[in-house]
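Student: Sequence first, then the predicted structure, then my questions.
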Amino acid sequence: MTDPSDAVKTPPVIHDLTGSILGRFTLRGLLGAGGMGQVYRAEDNTLKRVVAIKRMAPQLQFQERDRKRFLKEAQRASALNHPNIAAIYDVLELKGEILLVMEYVEGVTLRQRLRKPISIEEFLDVAIQCAEGLGAAHQQHIVHGDIKPDNLMLTPAMRVKILDFGVAKRFAHFDPNDATESLTASLSGTPAYMAPEVLLQKPYDGRADLFSLGVTFYEMLGGKQPFQLDSFAGTLARVLHVEVPPLSKVNPSIQAPLAGLVSRMLMKDPQDRYASTADVVADLRKIQQGGKPATAKGDRPHSRTVLQLAVLLAIAIALISWRPARQLWQSLAKKQHETTAQKVPPTEILAVLPFTAVEGNPKLTALGQGLVDSVSARLGRLTEDRALEVIPAGTLQQRSATSLADVRSQYGANLALRMALEQSGELIRVNYSLLNTQDGTVLGGDSVAVPAADAFGVEDDVAQGAVKALQLKLRPEEQAALNVHGTDQPAAYKYYLQARGYLLDYAKTENVENAIVMVGEALKLDPNFGKAKAVLGEAYWRKYWLSKQDRWTKLAQSECDSAVKLGNAGAAGHTCLGLVNDGTGRYREAATEYQRAIELEPTNEDAYLGLALAFEHQGAINKAEEAYQRAISSHPNSPVSYNSLGTFYLRRKEYEKALRMFQKVIALAPEGYGAYVNLGATLSNMGRYAESIEPLKKSIVIRPSYAAYINLGTTYFGLNQFGDAATAYEQAIKLNPNQYVTWGNLGDARKYLGAKNEALAAYRKAVELASQELKVNPHDPDVLSSVASYYSEMGDRDHALLYLGQSLQNGHNDKDILLDAATVYNNLGETGLAVEWLGKTVQAGYPANRIKDLPEFRNLENNPGYMQLVGKSQASN
């Protein structure tokens, strides 16, 4: 029998409703019309605001079943709250019609914007916003279904607003238990932008939106729609069967990482695409920001080198099948207990492997990540006076080192702790094992199952089990400290662990925001939870790092202060304050906080390295070197500490010492790409340019990085191969477009190629980016001296001398800054002062033979003072 609700009804006739009053709304004008219906600009007479009202097309509402489904999806979409989504305020049924009351967005559609070319920088900004908006919807189990340039608005402030959520795609399926929704797509989108599985009316999910977004990205970067033909059949065939040309062929300026990202979004099989929008955002941010060196100081071709922190370690948790508590692993542990002693190496370098994400359960994933991070920290506190080094999970996760082979070759680890986590109802089970990284032999392990609400029990059992597997005999005070949590509220501690887990990957905006939410929940349960306050302070600082909005630094400072004042945060409160103080130019305060952290936690490697940098920023060089050496003494098998001391020596121009440190890093971690970057940078700074090319290129083979390319550019610059230098700098900019140093270097290379206008454009961009950094730390001598150099290249004497004076005041007789002073005066035509400052540079320890290789001083080759300085006297000539 035919369902009466499916009986065909006569669709209503559409009239222009301009001037009509519908309920509390007055319709002022028709904004547009299409297959989905009409959109009007309207006034809400009650709330006194302008809105957009969408009047649905008759074919979408005259079937009762369709109306109900549509209303359900629209109501679900109205719950979306994200700055990149045009909000749905209300869904109304008036006079037999469905009306959507939506946010009115001023601006232009992306389609209109694409009438003119779009820069890579603007593309990345827009692309990230699009993906973040979609991600927010996907988390709520809502698929858009009609992503295309026409449905993406750009406000005058360049804020992306995604239109028509819950409208363009009515039957998005995410809930397998909801029998009222179709498992397949309905063809309500735009065919040239629709994913193959949607066109074929197969089951689909959020990856269909990623395909549509990939088509949009291709159009933005390539200048044309890749699938659109005149006929529907032709368009359908192209979407289903034709592989579009790589973007790099359509637009040669598009570099491989970005072209590869778009190609992956356009894969025909959804299994081959990105798994989530979060992954797309993460890769876009990597392309936008690059891998910012952990210990980098600026670098101009004549003087500075970007340093890459090469190595660090971690904990992995992999999802495994559910088993009764303790059965399998207890028997295995018992069987192997007798043979463990001879298998555990005498010097233990333990990598705590990163947690493997639990598909479809971000909160459980965050809990697992926080758990391994916390266990890493607990075990790290046990390294004092023991032949044990612990490589934290967060370090390994940042370097994508997840396998036994990775941690052995890249970090020298001979042991690994692997953990598996899953939840069933009200129980959480953790299986963990201690492994030999050479052959994968299981040296110990166990399985624990505790109530999901008992975060204390989960962590305590794992930490105690790992101690047992490592055969560590703890002192009474160590045993007591191992079970300290900082709160007596298990639920608060669970939220805290989740927040730590989210912060492990702080390059993703959504992770930082989720961390803020989770730690906020922890503090609601226990407002005096100091460690949670410290995590909140760090989260606010990471938010600043991503957004560059100064208000986050103030919030970070406040929360870190609060953590310390509570008195129960331990070292975490002080390292939080040290991080924020150092990042905002309060170096003495930063050093004080790091020293207090070390007093509370003598094995805290991060605190030693933070202290060293704070001393270095103050100009207390001897104290800085001592702090680096203390880090090595505390962690003699850690590549991180050796690498940090090596970069310190490199900045100090103590090249032979730097070489020894980086060679030690390579011996400990032969496959770590960063050590080769730093080795090449050191050789380049020594003037051994030809030798430096091999390690830099080896680093790029292992993993292309911003640091490798910028140092390769500096090497070519030293060989006077300015074309190759410019190419390398351009590659670095593709990986990280927001570093002023690279733009300044590119300006120098273009200048010597005779491309004056292009050089000036690069210098202007360098000044723009450097000025943003000075807003946060106006006392950074390196940034100040670089800006002075750029202004002198642009012929702006007043600004050049202004910034130079500020730099010299804060620079503590730094060789690079003295050299910049000589450069500034030489560019301004004051050669006498230039030679005078070159003399001061040499007196401060800068090698005279390096100065004679610098092309910016070639105009001084007949100057007697200059020739005497570099060893070219009249007699020798």
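Tutor: Received the coordinates, thanks. Numbering: from 1, shown residues only.
Student: just the strands in the stretch 51-200 of the chain please.
Tutor: 88-94, 97-103, 108-109, 152-154, 160-162 (DSSP state E, counting those that start in this stretch).
Student: Select, out of these, the one closest to residue 140.
Tutor: Nearest of those to residue 140, taken as C-beta to C-beta: strand 88-94 at 12.4 Å. (Glycine included, C-beta is placed from N, CA and C.)
Student: for that closest one, packing partners?
Tutor: helix 64-77, strand 97-103 (3 or more C-beta pairs under 8 Å, 6 or more residues apart in numbering; DSSP states H and E).
Student: Would you state the helices of the stretch 301-450 of the chain in chain order?
Tutor: Using DSSP state H, counting those that start in this stretch, the helices of the stretch 301-450 of the chain run over 327-343, 362-380, 393-398, 404-411.
Student: contacting residues for residue 534?
Tutor: Residue 534 makes contact with 559, 560, 563, 569, 572, 573, 575, 576, according to C-beta atoms under 8 Å, 6 or more residues apart in numbering.
Student: Which helix or strand in this protein has the lowest average pLDDT?
Tutor: Every helix and strand of the chain was ranked by mean pLDDT, DSSP states H and E. The lowest is strand 316-317, at a mean of 20.
Student: center of the chain - which residue?
Tutor: residue 507 (2.2 Å; C-alpha atoms, centre = their mean).
Student: Can you tell me how far that residue is from residue 638?
Tutor: Separation of residue 507 from residue 638 (C-beta to C-beta, to the nearest Å): 23 Å.
Student: same question, residue 405
Tutor: Distance from residue 405 to residue 638, by C-beta to C-beta: 20 Å.
Student: Between these two, tell me which one has more neighbours.
Tutor: Counted by other C-beta atoms under 10 Å, residue 405 and residue 638 do not tie: residue 638 has more neighbours, with 27 against 13.
Student: Mind pulling up the pLDDT for that one?
Tutor: The score at residue 638 is 82. That number is its pLDDT.
Student: quick one, domains of the protein?
Tutor: Following automatic domain parsing, one finds the domains of the chain at 21-103, 108-289, 316-639, 649-869.
Student: first to last residue in the shortest one, what's the distance?
Tutor: Taking C-alpha to C-alpha, to the nearest Å, domain 21-103 runs 18 Å from one end to the other.
Student: What mean pLDDT does that domain get?
Tutor: 78.
Student: Give me the distance between that domain and the centre of its chain.
Tutor: Mean-position distance between domain 21-103 and its chain equals 37 Å (C-alpha atoms, centre = their mean, to the nearest Å).
Student: again with stretch 842-862
Tutor: What separates the centre of stretch 842-862 from the centre of its chain is 39 Å, taken as C-alpha atoms, centre = their mean.
Student: doesn't residue 100 make contact with residue 74?
Tutor: Yes: between residue 74 and residue 100 there is a contact at 6.1 Å, judged by C-beta atoms under 8 Å.
Student: Looking at those two, which is more packed in?
Tutor: More neighbours surround residue 100 than the other of residue 74 and residue 100, with 24 against 20 (other C-beta under 10 Å).
Student: any idea how far that one lies from residue 856?
Tutor: Residue 100 is 63 Å from residue 856, by C-beta to C-beta.
Student: Also residue 725?
Tutor: Taking C-beta to C-beta as the measure, residue 725 falls 14 Å from residue 856.
Student: which one of the two has more residues nearby?
Tutor: The residue with more neighbours, out of residue 725 and residue 856, is residue 725; 27 against 21, by other C-beta under 10 Å.
Student: so what's the more buried one up against?
Tutor: Applying C-beta under 8 Å, 6+ apart, the residues contacting residue 725 are 301, 713, 714, 716, 717, 745, 749.
Student: Going by distance to residue 868, which of those residues wins?
Tutor: residue 301 (25.1 Å).
Student: Would you agree residue 25 is in contact with residue 43?
Tutor: Yes: here residue 25 reaches residue 43: they are 6.8 Å apart, a contact under C-beta under 8 Å.
Student: Which one of these two is surrounded by more residues?
Tutor: Higher neighbour count among residue 25 and residue 43: residue 25, with 21 against 17, using other C-beta under 10 Å.
Student: mind listing what the more buried one touches?
Tutor: Contacts of residue 25 by C-beta under 8 Å, 6+ apart are 42, 43, 44, 45, 51, 53, 101.
Student: Quickly name whichever of those residues is closest to residue 754.
Tutor: Nearest to residue 754 out of these is residue 51 (C-beta to C-beta; 57.1 Å).
Student: Show me what that closest one is bridged to.
Tutor: Following DSSP bridges, residue 51 is listed with bridge partners residue 42, residue 103.
Student: tell me the contacts of the closest residue to residue 44 other than its chain neighbours?
Tutor: On the basis of C-beta to C-beta, 6 or more residues apart in numbering, the spatially nearest residue to residue 44 that is not a chain neighbour turns out to be residue 51, at 5.4 Å. Residues in contact with residue 51 (C-beta under 8 Å, 6+ apart) are 25, 42, 43, 44, 89, 101, 102, 103, 104.
Student: now residue 101
Tutor: Residue 101 is in contact with 25, 42, 44, 51, 52, 53, 88, 89, 90, 91, 92, counting by C-beta under 8 Å, 6+ apart.
Student: same check, this time on residue 110
Tutor: The contact partners of residue 110, taken as C-beta under 8 Å, 6+ apart, are 126, 149, 150, 152, 153, 154, 216, 220.
Student: same thing with residue 416?
Tutor: Counted by C-beta under 8 Å, 6+ apart, residue 416 has contacts 316, 350, 351, 352, 353, 404, 407, 434, 435, 437.
Student: now do 6 Å
Tutor: Each residue near residue 416 by C-beta atoms under 6 Å, 6 or more residues apart in numbering is listed here: 351, 353, 404, 407, 435, 437.
Student: and of the residues you listed, the nearest to residue 420?
Tutor: Residue 420 has its nearest neighbour among those in residue 353, at 10.4 Å by C-beta to C-beta.
Student: didn't the closest one look like it was pressed against residue 419?
Tutor: No: if you go by C-beta atoms under 6 Å, residue 353 and residue 419 don't touch, sitting 7.6 Å apart.
Student: Tell me where the model's unsure across the stretch 701-850 of the chain.
Tutor: In the prediction, the stretch 701-850 of the chain carries no residues with pLDDT under 70.
Student: how many neighbours does the residue nearest to residue 646 when sequence neighbours are not counted have?
Tutor: With sequence-adjacent residues excluded and distances taken as C-beta to C-beta, 6+ apart, residue 646 is closest to residue 661, at 3.0 Å. Neighbour count for residue 661, taken as other C-beta under 10 Å: 26.
Student: can you check residue 479 too?
Tutor: Neighbourhood size, residue 479 [other C-beta under 10 Å]: 12.
Student: Model confidence at it, what's the number?
Tutor: With respect to pLDDT, residue 479 scores 80.
Student: Buried ones in the helix or strand containing residue 617, by neighbour count?
Tutor: Using DSSP states H and E, residue 617 sits within helix 605-618. Judged by neighbour count using 16 or more other C-beta atoms under 10 Å, the buried positions of helix 605-618 are 605-617.
Student: ok, residue 191 - contacts?
Tutor: By C-beta under 6 Å, 6+ apart, the residues touching residue 191 are residue 235.
Student: State the distance from it to residue 212.
Tutor: Residue 191 is 11 Å from residue 212, by C-beta to C-beta.
Student: So the closest residue to residue 841 other than its chain neighbours, which state does it fall into?
Tutor: Using C-beta to C-beta, 6+ apart and skipping residues adjacent in sequence, the residue nearest residue 841 is residue 818, 4.2 Å away. Secondary structure state of residue 818, per DSSP: H, G, I helix; E, B strand; the rest coil, is helix.
Student: wait, residue 818 sits on residue 840?
Tutor: Yes: the criterion here is C-beta under 6 Å, and residue 818 meets it with residue 840 at 5.1 Å.
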